[in-house]
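Student: fold the following, please.
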Amino acid sequence: MISPTSFLQRYPREALFFLVASFINSSGSAFMWPLTTLYVHTILQRSMTEAGFVLMVQSLAGIVGQFVGGTLFHRLGAKRLIVGALLVQGLIQLSIPLTNSWPVYIALMTGLGFTFNLSFPAIQAFWKEQRRELFNIVYVANNLGMAIGTSLAGVIATSCGEQERSMEVSILPPGSSATAERPQPATLQPAS
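Tutor: Purely as a prediction, here's the structure:
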């Protein structure tokens, strides 16, 4: 059996940086999915359907981003395209919490989906030697990043929700209930 360190030492140093960068990038993107749903529903006061719509638009923009990224790869080169796409993506992510406008939010999420996938063709075509193996390793890193990013967002959202509920209960006057003003879910009654 091959140890992970000897396995990774077979590849160029740049490949390891791409592996780590791909993992971090996909983790950050997947981290956004559950938080996007919560942000749209709780902060922007939109329905869950509209939150799903934003994620759909983001995914569709990602498909377009891959096509455009393939074209830009031949014009700009891999390094310039990857660095440029990551910088624009970072700026978009920093500006998302600064808006409360629904149309601006949709535009930012569309841009985020576009720029996230813009660099994928360049990342996957970067190496000339060992292309298949490196493609597979980057693919695994992306999938691990997606799984870990989504899981971490769920853990953070759950812990933030518990802290919010405990703060809500601690600021209520004695004898009142945190659930008194919230509508209770309807229960199904058996047909008689």
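Student: list the buried ones in the helix or strand where residue 103 lies?
Tutor: For residue 103, the element it lies in under DSSP states H and E is helix 102-118. Of the residues in helix 102-118, 105-106, 108-118 count as buried by neighbour count, 16 or more other CB atoms under 10 Å. All C-beta spots, glycine's among them, are computed from the backbone N, C-alpha and C.
Student: which of the residues you listed lies closest to residue 44?
Tutor: Checking the buried residues of helix 102-118 against residue 44 by CB to CB gives residue 105 as the nearest, at 6.4 Å.
Student: now do the contacts for the closest one.
Tutor: 40, 44, 54, 96, 99 (CB atoms under 8 Å, 6 or more residues apart in numbering).
Student: 6 Å instead?
Tutor: Applying CB atoms under 6 Å, 6 or more residues apart in numbering to residue 105 gives the contacts residue 99.
Student: any stretches of the protein with poor pLDDT?
Tutor: Scanning the chain for pLDDT under 70 picks out 1-2, 4, 7-8, 126-130, 160-192.
Student: please repeat the previous calculation with a cut-off of 80.
Tutor: 1-18, 21-22, 25, 29, 32, 123-135, 137-138, 157-192 (pLDDT under 80).
Student: and the helices in it?
Tutor: For the chain, the helices defined by DSSP state H cover 4-8, 13-38, 48-76, 78-95, 102-118, 120-124, 131-170.
Student: number of nearby residues for residue 134?
Tutor: Neighbours of residue 134 under the rule other CB atoms under 10 Å: 20.
Student: actually residue 42, not the one I wrote
Tutor: Residue 42: 12 surrounding residues under other CB under 10 Å.
Student: equivalent analysis for residue 40, please.
Tutor: Here the number of neighbours of residue 40 (other CB under 10 Å) works out to 24.
Student: so what's it closest to, chain neighbours aside?
Tutor: residue 51 (3.8 Å; CB to CB, 6 or more residues apart in numbering).
Student: so who does the one you found touch?
Tutor: Residue 51 makes contact with 37, 40-41, according to CB under 6 Å, 6+ apart.
Student: just to revisit the earlier point, of all the buried residues of helix 102-118, which comes closest to residue 20?
Tutor: For those, the minimum distance to residue 20 (CB to CB) is 16.7 Å, reached by residue 116.
Student: if I read this right, the closest one contacts residue 27, doesn't it?
Tutor: No - Residue 116 is beyond contact range of residue 27, at 11.8 Å (criterion: CB atoms under 6 Å).
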